[in-house]
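Colleague: Provide a 3D model corresponding to the input given below.
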Amino acid sequence: MGGYVDKDFITEYQCHIVLSVLMLALTIPMIIIHTTVALISLRYLVIPRSVGLPIAIYESTYYVLLLTYLLINHYSIALLGLTVLFLVIHVGGTYLYMRGALSYLSRNRSNLRRYGYYEIAELMFIIVVIGLLVH
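Modeller: The predicted structure is shown next:
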């Protein structure tokens, strides 16, 4: 009995660690992106479309992977709900951004300021996610 090792447990645990490290690595660029975009938006500036489109696609992909990670690891319904909300916002936003339907938002200074505040709120959510990933 003393020498028995449950191989399924080790495999499941190793899988959890690998996924956690992967999600942590994918979250670091999210911190950089949201900090930068928040600062830019609060200064009434915009990022070029050539940079914004790949970022939008990355963020949508990130939220798909985050939701998958949270579901696999049985996180709380509140965290799942917020993740689904951000996923819907980002997938829908990416679609609209690709079609050029969001360009009107950057023409109004108050919209840019509001977008900066939204980016800060999302940044706080991402910081919470990092806390969960490293615990």
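
Colleague: Now do the host helix or strand of residue 71, average pLDDT.
Modeller: Using DSSP states H and E, residue 71 sits in helix 49-72. For helix 49-72, mean pLDDT is 95.

Colleague: Quick one: list the elements packing against it.
Modeller: helix 7-42, helix 77-99 (3 or more C-beta pairs under 8 Å, 6 or more residues apart in numbering; DSSP states H and E). For glycine as for every other residue, the C-beta is placed from the backbone atoms N, C-alpha and C.

Colleague: Residue 134: which of these is closest?
Modeller: Checking the helices and strands packed on helix 49-72 against residue 134 by C-beta to C-beta gives helix 7-42 as the closest, at 6.8 Å.

Colleague: I'd like to know how many residues surround residue 46.
Modeller: By other C-beta atoms under 10 Å, 16 other residues sit near residue 46.

Colleague: Tell me who's in contact with it.
Modeller: By C-beta atoms under 8 Å, 6 or more residues apart in numbering, the contact list for residue 46 reads 40, 52, 106, 112.

Colleague: mind redoing it with 10 Å?
Modeller: Applying C-beta atoms under 10 Å, 6 or more residues apart in numbering, we find residue 46 in contact with 37, 40, 52, 103, 105-107, 112, 115.

Colleague: Neighbour-wise, which one of these leads?
Modeller: Ranking those using other C-beta under 10 Å puts residue 37 first, with 23 neighbours.

Colleague: just checking, that residue touches residue 116?
Modeller: Yes. Between residue 37 and residue 116 there is a contact under C-beta atoms under 10 Å: 7.8 Å.

Colleague: Are there residues contacting both of the two? Which ones?
Modeller: Counting by C-beta under 10 Å, 6+ apart, the common neighbours of residue 37 and residue 116 are residue 45.

Colleague: lowest average confidence, helix or strand, in this protein?
Modeller: helix 7-42 (a mean of 88; mean pLDDT, DSSP states H and E).
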